[in-house]
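Trainee: Fold the following for me, if possible:
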Amino acid sequence: MEAVILILALLFVAFVALGVYVSVKAIGAAKRGVDRTITQARRTVEDTTLRAKSFGQVGVAGELAQLRLHLRTSMRATQDALHAGVAEDASLRESIGLFERLSAHGRELDEELRRLEREPDRGRITERLPQLRERVERITHSAESLRWAARDRARTFAEDDLESLTTQIDVEAGALRDWSRSEPVWPDPAAEPSEPRSGPGPQASSAPAPQHPAAAAGPEQAPGEPEPGAGAQEPRAIPPRDPRLTMRYSWDKSARPETTN
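Mentor: Here you go, the predicted model:
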């Protein structure tokens, strides 16, 4: 009895631990999903605000907004391209590592540009604009190099696969169009030897059997009878009547006699 109670207690503890583990995992996944949604929404709002500032404002503020928008757009496009291609090409993992290092410089520059947007001294910002523009160009150029290299690599693999597939299809199509193969020759039924009609042995002789002289000469013609072939026809036997014609079935309708007035 004590063993049964101990087993039940262990099962209860195991189920409780499993429930706690599943609950923690579910809460963590939900929290990550909420954080991801909030981050994406914040990013969308920031991009929309920067786009509005770049078109609506002039001077230093508008140029800073354009630099930030260009930097963020290029980095995000490269990140999406690399993470989408690594699922099919494992060699892009090293490129992702390089991009992570580049992203650190990009985030640092984006934070610096954001702080300069709130800087009241526009003169100092104007002095630093050429340097900031050069840094943005260097980072975006490196990001675009990684992005286009990954795309060219994927396109090259796709073209090689398509070329190999096209070659195989051409070979198969040529084999299907090969009409030079000789048609099967079937034996002529007229050329086959006819089977012997009778014979005691396994093979009967094909020579005709000798006929009696009287049979060869034909039957004697009685006086007064017409010669065969002179217009007279030999009498034929009357065929027996088909019993099926006289048989009646239950579904046959009886013929009604015609009534006369």
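
Trainee: which residues of this protein score low on pLDDT?
Mentor: 179-261 (pLDDT under 70).

Trainee: Show me the domain layout of it.
Mentor: 1-53, 57-176 (automatic domain parsing).

Trainee: Highest mean neighbour count out of these?
Mentor: domain 57-176 (a mean of 14; mean count of other Cβ atoms under 10 Å). For glycine as for every other residue, the C-beta is placed from the backbone atoms N, C-alpha and C.

Trainee: Can you give me the end-to-end span of it?
Mentor: Using Cα to Cα, to the nearest Å, the end-to-end distance of domain 57-176 comes to 68 Å.

Trainee: Spit out the contact partners of the closest residue to residue 53 other than its chain neighbours.
Mentor: Using Cβ to Cβ, 6 or more residues apart in numbering and skipping the chain neighbours, the partner closest in space to residue 53 is residue 65 (3.7 Å). Counting by Cβ atoms under 8 Å, 6 or more residues apart in numbering, residue 65 touches 50, 51, 53, 54, 57, 117.

Trainee: which of these sit farthest apart?
Mentor: Pairwise distances across the contacts of residue 65 peak at 14.3 Å for 51 and 117 (criterion: Cβ to Cβ).

Trainee: all helices of the stretch 101-250 of the chain, in order?
Mentor: Remark: helices assigned in the stretch 101-250 of the chain by DSSP state H, counting those that start in this stretch are 122-176, 213-217, 243-246.

Trainee: Just tell me which of the ones you listed ends up closest to residue 44.
Mentor: helix 122-176 (20.2 Å).

Trainee: Output the contacting helices and strands for the closest one.
Mentor: helix 60-85, helix 93-117 (3 or more Cβ pairs under 8 Å, 6 or more residues apart in numbering; DSSP states H and E).

Trainee: quick one: which of the ones you listed is nearest residue 135?
Mentor: helix 93-117 (5.7 Å).

Trainee: What angle do helix 60-85 and the closest one make with each other?
Mentor: 160 degrees (axes from the mean of the first three to the mean of the last three Cα atoms, to 10 degrees).

Trainee: Relative to residue 155, which of the contacts of residue 65 is nearest.
Mentor: residue 51 (30.2 Å).

Trainee: Just give the closest residue to that closest one, not the sequence neighbours.
Mentor: residue 69 (6.1 Å).

Trainee: Distance-wise, check that neighbour relative to residue 76.
Mentor: 11 Å (Cβ to Cβ, to the nearest Å).
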